[in-house]
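J.: I'd like to go over a predicted model; first the sequence, then the structure.
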Amino acid sequence: MQHSPDKLLMFRNRLTKVYKHLSKQAKRMDISCYRVYDHDLPEYPFLLEFYESNLYVAEYKRHHGLSEEAHEQWLEDCKNVMVDVLGIAKENIFLKVRQRKEGRLGQYQKINESKNEFQVAENGLHFIVNLSDYLDTGLFLDHRITRQMVRDDAANKRVLNLFCYTGSFSVYAAAGKASGIVSVDLSKTYLQWAERNMQLNFPEYTKHQAVHANVKTYLKTLPENSADIIIMDPPTFSNSKRMDDFLDIQQDHVVLINDCMRLLSTGGVLYFSTNYSKFQLDEKNIAASKIKDITKATTPFDFAGKLHRYCFKILK
């Protein structure tokens with residue numbers, strides 16, 4: 001990879017263009033956490049996301065052919081462009097390197113101990129994000145619209161949030177006056193984070209239960225008609241030490257979805273999503289009354305034009 005002023009100017013121009021466009025939309029929609037750049041130029045393989053006054057920067061790992069010193073200088077030059085174009089303070093930029101992999105492998109891996117935690121707002125709700133210590137920040141911005149759908153639909157419903165991560169869907173369900181919420185994850189760290197997010201928004205809410213379990217086996221233990229809304233956003237692949245087996249979403253989605261269908265009340269709904277780019281839904285083997293592909297309807301403005309994940313609304 002050649003490091004040249006011309007290439008840097010390309011990056012500056014591209015970032016200026018997308019930021020001008022996206023920041024206007026974000027402002028109009030009163031959104032303070034949004035993605036501004038995602039590998040738009042192959043020579044500048046960054047992911048940039050605003051979390052209010054902080055900028056999360058992930059550099060996708062690749063063979064750049066630069067010496068360590070030259071790469072550091074290149075990064076410094078890129079950061080200066082970000083400061084100039086985005087009007088952000090350099091100390092508010094949080095940079096990490098990540099492998100480009102399908103799905104959210106390594107999601108539970110801690111990579112730092114800086115504890116750079118902040119609270120951010122989305123649709124009047126508050127979430128704790130950590131921009132330095134994990135591969136992901138604690139809030140998946142691509143689910144902004146789907147979360148709102150759950151909120152709109154949650155009144156007096158029993159909600160089951162599977163692979164719940166930091167519980168943002170659970171917080172939205174509580175905001176929508178769900179009659180009860182169960183959040184399930186294999187990571188105790190993320191379950192505690194989910195409980196903190198719930199406390200932050202609804203300290204009086206007593207109908208939230210955090211369950212530490214392997215979703216694949218946990219679903220088999222629940223009785224029929226025990227949920228009205230289920231949210232399931234699994235990793236593409238997981239072979240956690242805490243699991244007896246592994247999870248492969250292409251291979252396992254029919255069983256997982258049918259297990260959810262068994263638990264749903266009549267007319268109940270499953271919101272199922274995956275960010276495996278080659279995913280194909282095996283509709284004919286799914287025991288549902290209706291399957292609606294809501295990928296397009298749930299893709300936010302800052303992810304438009306890039307297939308980031310699939311999302312389905314599956315009715316019993």
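T.: Arrived safely. Quick caveat: nothing in here was measured; it's all calculated off a predicted structure.
J.: buried ones in the helix or strand where Asn258 lies?
T.: Per DSSP states H and E, Asn258 falls inside helix 249-263. Residues of helix 249-263 classed as buried: Ile249, Asp252, His253, Val254, Leu256, Ile257, Asp259, Cys260, Met261, Arg262, Leu263 (neighbour count, 16 or more other C-beta atoms under 10 Å). C-beta coordinates here come from the backbone N, C-alpha and C atoms, glycine included.
J.: for stretch 127-146, same thing?
T.: Neighbour-count burial for stretch 127-146 [16+ other C-beta under 10 Å]: 127-144, 146.
J.: show me the contacts for Ala287.
T.: Counting by C-beta atoms under 8 Å, 6 or more residues apart in numbering, Ala287 touches Asn258, Met261.
J.: element containing it, please.
T.: Going by DSSP H and E, Ala287 is not in any helix or strand.
J.: relative to Arg144, how far out is it?
T.: For Ala287, the distance to Arg144 equals 30 Å [C-beta to C-beta, to the nearest Å].
J.: list the buried residues in the top helix by length along the chain.
T.: If you go by DSSP state H, the chain has its longest helix at helix 5-28. Buried residues in helix 5-28, defined by neighbour count with 16+ other C-beta under 10 Å: Lys7, Leu8, Phe11, Arg12, Arg14, Leu15, Val18, Tyr19, Leu22, Ser23, Ala26.
J.: let me know the pLDDT of the nearest residue to Leu95 once chain neighbours are set aside.
T.: In space, and not counting its chain neighbours, Leu95 is closest to Val57: 4.5 Å by C-beta to C-beta, 6 or more residues apart in numbering. Note on Val57: pLDDT of 96.
J.: for Val57, what are its contacts?
T.: Phe46, Leu47, Leu48, Lys79, Met82, Ile93, Phe94, Leu95, Lys96 are the contacts of Val57 under C-beta under 8 Å, 6+ apart.
J.: could you check how many residues crowd around the second one?
T.: Leu47 has 17 neighbouring residues, counting by other C-beta atoms under 10 Å.
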